[in-house]
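*Asks:* Sequence and computational prediction follow.
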Amino acid sequence: MVAVRVAVVPTPAGGARLRVLAEDGRPIGGAQVHADLVEAVGVLERAEAPRWVMANTMELYPRLLAAGVTVTRCHDVELAEALLLGYAGRWGEPRGLPAAWARLTGAPVPPDRPPRSRDHQPTLFDAGQSTPGTPSGDDPLDMLVAVHQAQRERMDAIDRPDRFHLLVAAESAGALAAAEMGHAGMPWRADVHSALLTELLGPRQAHGLPPRRLGELSERIAAALGDHRLHPDSPAEVVRAFARAGIRLPSTRSWVLKEIDHPAVPLLLEYKELYRIYTAHGWSWLASWVRDGRFRPEYVPGGVVSGRWATRGGGALQIPKAVRRAAIADPGWVLVVADAGQLEPRVLAALSGDDRLALAGGGGDLYRTLADEVFGGDRKRAKIGMLAALYGQTSGEASTLVAALRRQFPRAVEYVERAARIGESGGLVRSWLGRTCPPATAPAVSGEPDPDEDGESGDLSLSPGRARARGRFTRNFVVQASAADWALALLATLRTGLTGIGAPGDRPELVFFQHDEVMVHCRSEDAPEVVALVERSAASAGRIVFGDTPVRFPLDVATVDCYADAK
DNA sequence: AGTTTCATATGG
DNA sequence: CTCGCCATATGAAACT
């Protein structure tokens, strides 16, 4: 019989212990012991491609990838635990296997281990069976099997189990993709990056001395303000210098400075831009994060409450446009870059079943249609109105614009307003697939008491100010988290499909994922097939997540040599 | 000296 | 009185 699911734990000596499971998680037969983890997984994957049940994908899978073994599907017990805890309103409790096992057996719940650092070498201890706080003698494979089985039962017991199963599968697939992306890395030309820095900043100086261009600018800024010396990166100094020149600044933010008519302003703006690149994406960034022609950040699936990914170093999700010129495909290869346009309003249309809004997104530019239907052709206002509805903005003319939207799209607007009301009254909201927002936290952890908070006398209701903030959060959560549901489904479909394209050994590789954008590195001749696959995956993600919906999720797809040319 | 918060930038 | 969501990362400033 074909193994549907297989639980796997590594042994300290590089081996593995496996147990075949039925779909519901019940073990079939006893534990198998293998001397070689990589071989055991590789053989079974090729033969039966089961869903691998693992405690933590990001810890185990990189070892398999390093040895050339990929797997198709998994169930990540830790990620599933976090989703289940969140669903139950127990957000923030330890979610690791030892903690889940302790809850199952009624033992004291140990805290989660802190995440390992990036250049941490696995030790016998890490790979081993005992974990701090766990009674030794508990077999990790037994723990894994039992916790997984219990998770399957908990998943079946909640509302909309079909969607929640999808969520766990998508979250797990995301973890596989994250490990694979960390393994592949984004093609990155250090020489191009360095040349770009030199062009912008002047040649690199020794000992972290600021590059010449920054020094020159700061001298000219000082001179323009009648000073001898000035650190333009110190907001306090800049404010003081302007004060001496008779200009009072509330802050030194770019948009504040832009309103000021003074010769130092353009210099200062230029300085800020260059300084930012120098400190955040300069030579030291290059040295820390780019090796062997690849940028390898550390992705953290499920790292953001809304289900978006985070990174633990490298800042992969904030790569400035200016340095994207260094992301260049290998010779003979290209980058297929695809991003979902206007994803959040489209997701709102699907969530709320607002078919009129769905229709408005049918023509490609949703804001354009909105503008023509509601705002007398004013696209800018249409966009502000929609974003105000999604974020809860009330200042300026935002309320008026949202009210206008509501007249034409009552279901969509009511959906987010309802989420806001639930949040304001202290309730929980969920994404379409069931990812749940964290509960309202107890205010004033330390320091100054919140002026908006009158008393801490065990009153669970929120103060008006906090309640409104909470409402904006839950309002946005339902949309942002459901958009993340969709994006994960896209990613999962895409990564599976890619294994069928290209020649073995020269497969397209997923190298980047950023909220609503994916990047595939592939041979030029495979690009058309990849483009078609990405587009199919987007459409299929819409159906998988939202079922039968008229909402379209169009992608902007570009096949380029260089990331900077994608948009 | 080490740690935390603030200000400002980047991304979606 | 103010009122736009989610993040990461850096250096300066403030704090222990």
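*Replies:* Done, it's in.

*Asks:* give the contact list for residue A:214.
*Replies:* With contact taken as Cβ atoms under 8 Å, 6 or more residues apart in numbering, residue A:214 is in contact with A:201, A:202, A:271, A:274, A:275, A:278. Where C-beta positions appear, they are placed from N, C-alpha and C, glycine not excepted.

*Asks:* now residue A:159
*Replies:* So residue A:159 contacts residue A:434 (Cβ under 8 Å, 6+ apart).

*Asks:* mind checking how far it is from residue A:434?
*Replies:* Separation of residue A:159 from residue A:434 (Cβ to Cβ, to the nearest Å): 8 Å.

*Asks:* Can you redo the contacts of residue A:214 as a markdown table, where the extra columns are secondary structure?
*Replies:* As requested, the contacts of residue A:214 are exported to a markdown table (DSSP: H, G, I helix; E, B strand; the rest coil):
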| residue | secondary structure |
| --- | --- |
| A:201 | helix |
| A:202 | coil |
| A:271 | helix |
| A:274 | helix |
| A:275 | helix |
| A:278 | helix |
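
*Asks:* which among these gets closest to DNA strand B?
*Replies:* residue A:275 (8.3 Å; Cβ to the nearest atom of the strand).

*Asks:* these two touch, right, that closest one and residue A:231?
*Replies:* No. Look at residue A:275 against residue A:231 with Cβ atoms under 8 Å: they stay out of range, at 10.3 Å.

*Asks:* ok, these two, which is more surrounded?
*Replies:* residue A:275 (20 against 13; other Cβ atoms under 10 Å).

*Asks:* For that one, which non-adjacent residue is closest in space?
*Replies:* Nearest residue to residue A:275 in three dimensions, chain neighbours excluded: residue A:233, at 5.7 Å (Cβ to Cβ, 6 or more residues apart in numbering).

*Asks:* Assign that neighbour to helix, strand or coil.
*Replies:* Assignment for residue A:233 (three-state DSSP): coil.

*Asks:* Next one: it relative to residue A:210, how far apart?
*Replies:* Residue A:233 is 9 Å from residue A:210, by Cβ to Cβ.

*Asks:* same deal with residue A:202?
*Replies:* Residue A:202 is 9 Å from residue A:210, where distance means Cβ to Cβ.

*Asks:* what do you get for residue A:159?
*Replies:* Distance, residue A:159 to residue A:210, using Cβ to Cβ: 57 Å.

*Asks:* quick one on the thing from earlier: where do the contact lists of residue A:233 and residue A:210 overlap?
*Replies:* Common neighbours of residue A:233 and residue A:210 (Cβ under 8 Å, 6+ apart) do not exist.

*Asks:* Pretty sure residue A:67 sits against residue A:38.
*Replies:* Yes. Residue A:67 lies in contact with residue A:38 (Cβ under 8 Å); the separation is 4.1 Å.

*Asks:* which one of the two has more residues nearby?
*Replies:* Applying other Cβ under 10 Å to residue A:67 and residue A:38 shows that residue A:38 carries more neighbours, namely 19 against 13.

*Asks:* Need the contact partners of the helix or strand residue A:60 falls within.
*Replies:* Using DSSP states H and E, residue A:60 sits within helix A:57-66. Here helix A:57-66 makes contact (Cβ under 8 Å, 6+ apart) with A:8, A:10, A:37-38, A:41-42, A:54, A:70-71, A:74, A:76, A:79, A:116, A:122, A:126, A:172, A:175-176, A:178-180, A:182-183, A:300-301.

*Asks:* Just the buried ones from those residues, in PyMOL syntax?
*Replies:* Selecting only the buried entries of the contacts of helix A:57-66 in PyMOL, with 16 or more other Cβ atoms under 10 Å as the criterion:
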select buried, chain A and resi 8+10+37+38+41+42+54+70+71+74+76+79+172+175+176+178+179+180+182+183+300+301
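
*Asks:* Can you tell me which of the contacts of helix A:57-66 end up in strands?
*Replies:* Mapping the contacts of helix A:57-66 onto strands (DSSP state E) picks out A:8, A:10, A:54, A:74, A:76, A:300.

*Asks:* With distance to DNA strand B and pLDDT added, can I get those in CSV?
*Replies:* As requested, the ones in strands among the contacts of helix A:57-66 are exported to CSV (distance: Cβ to the nearest atom of the strand, whole Å; pLDDT from 0 to 100):
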residue, distance to DNA strand B, pLDDT
A:8, 34, 98
A:10, 32, 97
A:54, 29, 98
A:74, 27, 98
A:76, 23, 98
A:300, 13, 91
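
*Asks:* Looking at the residues you listed, which one is closest to DNA strand C?
*Replies:* Using Cβ to the nearest atom of the strand, the ones in strands among the contacts of helix A:57-66 come closest to DNA strand C at residue A:300, 7.2 Å.

*Asks:* Now the nearest residue to that closest one once chain neighbours are set aside, what are its backbone angles?
*Replies:* Nearest non-adjacent residue to residue A:300, counting by Cβ to Cβ, 6+ apart: residue A:310, 4.4 Å away. When quoted as degrees, to the nearest 10, the phi and psi of residue A:310 stand at phi -120, psi 180.

*Asks:* Let me see the contact set for residue A:310.
*Replies:* A:299, A:300, A:303, A:304, A:317.

*Asks:* any idea how far residue A:394 is from it?
*Replies:* Taking Cβ to Cβ, one finds residue A:310 at 29 Å from residue A:394.

*Asks:* who in chain A is up against DNA strand B?
*Replies:* Counting by Cβ under 7 Å from any atom of the strand, the residues of chain A close to DNA strand B are A:235, A:251-255, A:272-273, A:276, A:280, A:317-321, A:339, A:446-447, A:480, A:514-517.

*Asks:* From those, which land in helices?
*Replies:* When DSSP state H defines the helices, the subset of the residues of chain A next to DNA strand B inside them is A:235, A:254, A:255, A:272, A:273, A:276, A:280, A:480.

*Asks:* pretty sure the second one contacts residue A:275?
*Replies:* This points to residue A:254. No. The criterion here is Cβ under 8 Å, and residue A:254 misses it with residue A:275 at 11.9 Å.

*Asks:* Flag the shaky bits of the stretch 1-150 of chain A, pLDDT-wise.
*Replies:* The stretch 1-150 of chain A contains residues with pLDDT under 70 at A:1, A:116-137.

*Asks:* same check, this time on chain A
*Replies:* Applying pLDDT under 70 to chain A picks out residues A:1, A:116-137, A:208, A:442-461.

*Asks:* now do 80
*Replies:* Scanning chain A for pLDDT under 80 picks out A:1-3, A:114-137, A:206-209, A:441-465.

*Asks:* For it, which segments count as strands?
*Replies:* All strands of chain A, identified by DSSP E, fall at A:5-10, A:16-21, A:32-34, A:51-54, A:73-76, A:186-187, A:290-291, A:294-295, A:299-300, A:310-311, A:333-340, A:509-513, A:517-523, A:555-560.

*Asks:* contacting residues for the closest residue to residue A:111 other than its chain neighbours?
*Replies:* Nearest residue to residue A:111 in three dimensions, chain neighbours excluded: residue A:94, at 5.4 Å (Cβ to Cβ, 6+ apart). Neighbouring residues of residue A:94 by Cβ under 8 Å, 6+ apart: A:109, A:110, A:111, A:112.

*Asks:* List only buried entries from these.
*Replies:* Buried residues within the contacts of residue A:94, defined by neighbour count using 16+ other Cβ under 10 Å: A:109, A:110, A:112.

*Asks:* got CSV for these, with distance to DNA strand C too?
*Replies:* Formatted as CSV, the buried ones among the contacts of residue A:94 follow (distance: Cβ to the nearest atom of the strand, whole Å):
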residue, distance to DNA strand C
A:109, 23
A:110, 24
A:112, 16
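
*Asks:* from the residues you listed, which single one is nearest residue A:192?
*Replies:* Nearest to residue A:192 among the buried ones among the contacts of residue A:94: residue A:112, at 40.2 Å, using Cβ to Cβ.
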